[in-house]
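> Got a predicted structure here, sequence first:
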Amino acid sequence: MIHTSKQLKDKVRNISHGDNQTAQMLIRNFIMERFLERVSISPYRNNFILKGGMLVASLVGIDTRATMDIDTTIRALPLNEDEAVKIVSEIIHIQIEDGISFEIVKVSEIMTDFEYPGVRLVLEARLDRLKQRIKIDLSTDDVITPSAIRYSYPLMFEDRNIELMTYTPETLLAEKIQTILARGITTTRMRDYYDVYEIVVGNKVSIDKKVLAEAFTATCMKRKTTFGSEQVEKIVNEISTDEGLLNLWDLYKNDNFYVGDIKWTVVCEAVCAYIKDNISK
């Protein structure tokens, strides 16, 4: 286990080969893992359900997906600013021999894309003189199909796993597909396309098509949206021919080194084909 900032920086330097973007991603991910390990041994380990970019990164590989925050849904607990501070404070004060200390520096209410209330906490982590801020988004009311699962989360710098409750891969994918269809050509969330592409093309994640269909239906019901076959075809065709999305992809690719040189036409074709094959039938 890493105990000092020097150990962390040496490890990061060996992996990043001097690339600053990669180094920052690795440090941030390491700090987020330190929080997640505390969750995994806390009384709240069954209440915190990991989703979003941190889960995607674990499923497809940290070298192909970076994230800025920890995105979770909270089960069987009240969620407001006071309760969120109380719960997270208990978690960050769990002692682990990793040299990390956390402090809550900001708390705010947030509204998710589909108007579900949530709470965002900004934490500052310290390891010797190293400081790193991370965001934790907590929300409720998410529908998970068939239910949350216990996932062995592999740690980045250690040959061991921690046990976390997470979304099923099918629910993760269903939410992203629903968002793609709901936003259509008005979206600015190119990460949804990238994530779907990595999940379905990379073949790193096993997807049960029947569970995916059930998860998509449940997500649409929760978010009060419906997509018939003709509507799906129409949206997919609009996405495929929209110049604005091409420009947004180029910006996303330039801002996120892990995307590499993957072209929009390749991503769009793969994502749209997957949606048509698995959603519109």
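Now that the structure is in, tell me what you want to look at. Keep in mind the model is a prediction, meaning the values are calculated, not measured. Numbering: from 1, shown residues only.
> Can you name the element that comes right after the helix or strand that contains residue 24?
In this structure, residue 24 sits in helix 20-40 according to DSSP states H and E. Moving toward the C-terminus from helix 20-40, the next helix or strand (DSSP H and E) is strand 48-51.
> wait, doesn't residue 51 sit right on residue 73?
Yes: Residue 51 lies in contact with residue 73 (Cβ atoms under 8 Å); the separation is 6.1 Å. For glycine as for every other residue, the C-beta is placed from the backbone atoms N, C-alpha and C.
> how close does the closest residue to residue 122 other than its chain neighbours sit to residue 100?
The spatially closest residue to residue 122, leaving aside those adjacent along the chain, is residue 106, at 4.0 Å (Cβ to Cβ, 6 or more residues apart in numbering). Taking Cβ to Cβ, to the nearest Å as the measure, residue 106 falls 19 Å from residue 100.
> Same question for stretch 270-281: list its buried residues.
Of the residues in stretch 270-281, 270-272, 274-275, 278-280 count as buried by neighbour count, 16 or more other Cβ atoms under 10 Å.
> That should have said stretch 156-166, apologies.
So stretch 156-166, judged by 16+ other Cβ under 10 Å, has buried residues 162, 164-166.
> list the contacts for residue 227?
181, 220, 235, 279-280 (Cβ atoms under 8 Å, 6 or more residues apart in numbering).
> could I get those residues as TSV with pLDDT?
As requested, the contacts of residue 227 are exported to TSV (pLDDT from 0 to 100):
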residue	pLDDT
181	97
220	94
235	96
279	85
280	64
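> which ones among those residues are found in helices?
Secondary structure from DSSP state H places 181, 220, 235 of the contacts of residue 227 in helices.
> I'd guessed residue 222 sits against residue 141; true?
Yes: using Cβ under 8 Å, residue 222 makes contact with residue 141 at a distance of 7.5 Å.
> Could you pull out the helices in the stretch 51-200 of the chain for me?
For the stretch 51-200 of the chain, the helices defined by DSSP state H, counting those that start in this stretch occupy 52-60, 81-92, 169-183, 190-201.
> so how far is the second one off the chain centroid?
Pointing back at helix 81-92 there. Mean-position distance between helix 81-92 and its chain equals 21 Å (Cα atoms, centre = their mean, to the nearest Å).
> same deal with the shortest one?
In terms of Cα atoms, centre = their mean, the centre of helix 52-60 is set 5 Å apart from its chain centre.
> hmm, who's touching that helix?
With contact meaning Cβ under 8 Å, 6+ apart, helix 52-60 is reached by 29, 32, 36, 64-72, 137, 151, 153-154, 166-167, 169, 172, 191, 195, 198-199, 202, 204-205.
> mean confidence score for that helix?
Averaged across helix 52-60, the pLDDT comes to 92.
> Return the set of buried residues in it.
Buried residues in helix 52-60 (16+ other Cβ under 10 Å): 52-60.
> quick one: it to helix 190-201, angle?
Orientation check (axes from the mean of the first three to the mean of the last three Cα atoms, to 10 degrees): helix 52-60 against helix 190-201 gives 20 degrees.
> Give me the pLDDT value at the nearest residue to residue 60 once chain neighbours are set aside.
Counting by Cβ to Cβ, 6+ apart, residue 198 is the residue found nearest to residue 60 once chain neighbours are left out, at 4.4 Å. Residue 198 carries a pLDDT score of 93 in this model.
> Please name the residues that touch residue 198.
By Cβ under 8 Å, 6+ apart, the neighbours of residue 198 are 56, 60, 64-65, 204.
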